[in-house]
Structures are given as C-alpha cells and as structure tokens.
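Colleague: Provided below are the primary sequence and the corresponding predicted coordinates.
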Amino acid sequence: MTRNRRAKLVKIGQMVVESEEAPVPGGNEYLIKITAVGVCGSDVHYFEHGKIGRFVVEAPLVLGHEAAGVIVGAGPGADTARIGHRVAVEPGVPCGRCMQCRSGGYNLCPDVRFLATPPIDGAFADYIVHSADFVYDVPDDLSDEQAALCEPLSVGIWANRRAGVRCGDRVLVTGCGPIGLMAAQVAREFGAHVILSDVVPSRRDAARSLGFDNLHDATSSPVDGSGIVADVLVECTGVADVALRAIKTLTPGGRAVLVGMAPEEEQALPVAVIQSKEIMLTGVFRYANTYPLAIELFHQGRIQVDPIVGARFSLEDVTAALKISRIDPSCIKPMVLPG
C-alpha cells in the first residue's frame, strides 16, 4: 500500500507527522495526491488556541484546507477519465438534502463536512479522499499554488457578493492579510475604488505592489479618525475594535461584511450608528458556487499572488509554517508543499 504522511495537531502548539496507509476512495470520491496547501489563519488559530468559536479540537486533527492536487484514483461512480487531472479542492462537502443546500446556500449546510474543521481531517497530507463534485479541473497555466489559493480567493469573491459591491463603490478593506488582499483585488475587478488599512508596513507594501495606492496606516490613526469615507466595509482582521471603528466610516445606507474571525464568540458593535445610518451588516461563512469564477480570474491573470505567497515548507516542517507569520509578518501566506 502507498504510505500517507499526515500532519496532526495533537495538542495546542504541537504537530506530529505520522505515516499511515493511504485512504481508499468511496462512492463518488477521488483519491488526490496533494501538491500544495495554503496555511490559513484558521489553521493558526487551531494551532495556537485549539478552537475557533464553537469549533473545538477535541482529538488529534489534520489541519489544512486550502488544497490542490492531482487525481490518482477513483471510487465507485467517479469518472475515471479524470485520473491524472490537476484539481483545486473545494474543502466543504454539504449534505445536498437540507433546505440550505436545496436553496443554493450550501455553505450554511448544518451537516457540511469541511476539511480541517473538527472533527474532519484536513489536507496537510500526501493523500486525501474527497467528493468528486467538489474538485475542479484547473488549466495548465495555473500553478499548484494558485489552484490551492482558489480557496481564499473564494472567500474574497463571496465577501464582495454578500456586500453587493458595484462599479464605483468606495470599498474599505481592513486588514492586508491573504483574505484582505484577495478581497481587495476582487473588489477592483468588480469596478470598485479600494481603500486598504493595516498596521503592518510590509503588508501595506504588498498591497502597493498589487497596484493599490489608497493605503491607510492604522498605527498612525484609527480608520474612523482618518477622514476615510466608504460605501462598503469588508472587515478582514477579526479584531473587534477595528470592526467597531470601521463601521463608523460608512455612508448612510452603507454595507458592512464581517469576514475576519476571532476566537471569541461575541464583540461590541456601534448599534446607534448602524441604526441611524441604516447600515446593512452581515457576516460571511465560507462561500458557495465560487470556484469556477476563482479559477477563471486566475486563468485570465486578473488576480496576483506573488506578493502574497511567502515561505514554502515541507510537510515535516509544518510547525514552522504555522509559526512563521507571527514571527515574520511579511510572510503573508505560507505554503506547505507535501511533495
């Protein structure tokens, strides 16, 4: 049998790489050899805190959900003609039966099985099995890393869709991390004027290298005291005070989307401002029906990742990959390359 290395979180701050037999694909599943996995902020939260909100790690868990690979095996009912195809892996597999799934909002399926969300193991591994319905062929001109980063790009697409971003909107994106920089690029593709805010100079530099010039240094003043006026807020830091202040920059009738997730389940919001300006406020939870657009945006060269991708790590060095962004904020998106 082919051996399968898997990097598991065994307790807070400790990863262990174990070798096991490779999984066998079941009905309508593929066996996928993983080529690239992005390290997400959620992976870091699980590594550092053992939980995100109601999602708590209670047993050893393989992390990693931003994945790409090659189909190397097919289970019963899966199309064997796709063996050998390079694919982007959409990590959530919904039930397909509930009201949310049947209405198109499958990201809200209460029974979704999402990679690296307790208790479902993720993709820091040589091989995984995954539903054939949620792996997407990618063109030859997409790199393995771009294919993996269709996942955070999907978050950016979904945030802009939820915000109803339109041509000419002034969109404030708080946080120049991977999601913020992806969301900002999508907003620009939707025709918006984008303002980006961050406390880290190297991250503002990354935004500048992506062609953004309206950048706010959040260390010099909070966004609500800087003269920024926005029609849309895409909040990507998960920091409660940032969200509270950024909402105050919105024009009457503005729209705010909370993307960044914090370990805490509750935070304060400026309710009087939200009421008096009739601000529409929503959260986002992952995405739905976004991967085809993400792949096409990469294919057309509309989304850039070079300033976003930082260091690259082997599977054995996954602990360093989970720590690097705290040590070096200029490393915006670490990548794990199991091969």
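Modeller: Okay, I see it.
Colleague: Can you classify residue 227 as helix, strand or coil?
Modeller: coil (DSSP: H, G, I helix; E, B strand; the rest coil).
Colleague: In this protein, which helix is the longest?
Modeller: Ranked by number of residues, the top helix in the chain under DSSP state H is helix 150-163.
Colleague: so what secondary structure elements neighbour that one?
Modeller: In terms of contacts (3 or more Cβ pairs under 8 Å, 6 or more residues apart in numbering; DSSP states H and E), helix 150-163 is packed against strand 66-74, strand 86-89, helix 178-189, strand 230-235, strand 250-258, helix 291-299. Every residue, glycine included, has its C-beta placed from N, CA and C.
Colleague: Using a markdown table, lay out the ones you listed together with mean neighbour count.
Modeller: Output for the helices and strands packed on helix 150-163, formatted as a markdown table (neighbours: other Cβ atoms under 10 Å):
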| stretch | mean neighbour count |
| --- | --- |
| strand 66-74 | 24 |
| strand 86-89 | 24 |
| helix 178-189 | 27 |
| strand 230-235 | 27 |
| strand 250-258 | 19 |
| helix 291-299 | 19 |
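Colleague: Those into a markdown table, with extra columns for mean pLDDT and distance to residue 276?
Modeller: What follows is the helices and strands packed on helix 150-163, written out as a markdown table (pLDDT from 0 to 100; distance: least, Cβ to Cβ, whole Å):
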| stretch | mean pLDDT | distance to residue 276 |
| --- | --- | --- |
| strand 66-74 | 98 | 39 |
| strand 86-89 | 98 | 43 |
| helix 178-189 | 98 | 26 |
| strand 230-235 | 98 | 16 |
| strand 250-258 | 98 | 8 |
| helix 291-299 | 98 | 36 |
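Colleague: Mind putting those into a markdown table with distance to residue 203?
Modeller: Below are the helices and strands packed on helix 150-163 laid out as a markdown table (distance: least, Cβ to Cβ, whole Å):
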| stretch | distance to residue 203 |
| --- | --- |
| strand 66-74 | 19 |
| strand 86-89 | 25 |
| helix 178-189 | 8 |
| strand 230-235 | 15 |
| strand 250-258 | 19 |
| helix 291-299 | 21 |
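Colleague: Of these, which is nearest residue 27?
Modeller: strand 66-74 (10.4 Å; Cβ to Cβ).
Colleague: shaky segments in the chain?
Modeller: 1, 263 (pLDDT under 70).
Colleague: Could you list the domains of it?
Modeller: Using automatic domain parsing, the domains assigned to the chain come out as 3-149+308-336, 156-283.
Colleague: Looking at those domains, spot the one closest to residue 297.
Modeller: Of all those, domain 156-283 comes closest under Cβ to Cβ, at 6.8 Å.
Colleague: how long is that closest one from one end to the other?
Modeller: 13 Å (Cα to Cα, to the nearest Å).
Colleague: Same question for stretch 216-233.
Modeller: Start and end residues of stretch 216-233 are separated by 14 Å (Cα to Cα).
Colleague: What are the contacting residues of that stretch?
Modeller: 163-165, 169-172, 174, 187, 192, 195-199, 201, 204, 241-242, 245-251, 254-257 (Cβ atoms under 8 Å, 6 or more residues apart in numbering).
Colleague: Show me how to select, in ChimeraX, the buried members of those.
Modeller: Selection of buried members from the contacts of stretch 216-233 for ChimeraX, criterion 16 or more other Cβ atoms under 10 Å:
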select :163,165,169,170,171,172,174,187,192,195,196,197,198,199,204,242,245,246,247,248,249,250,254,255,256,257
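Colleague: hang on, the earlier thing: adding distance to residue 300, write the domains of the chain out as CSV.
Modeller: What follows is the domains of the chain, written out as CSV (distance: least, Cβ to Cβ, whole Å):
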stretch, distance to residue 300
domain 3-149+308-336, 10
domain 156-283, 9
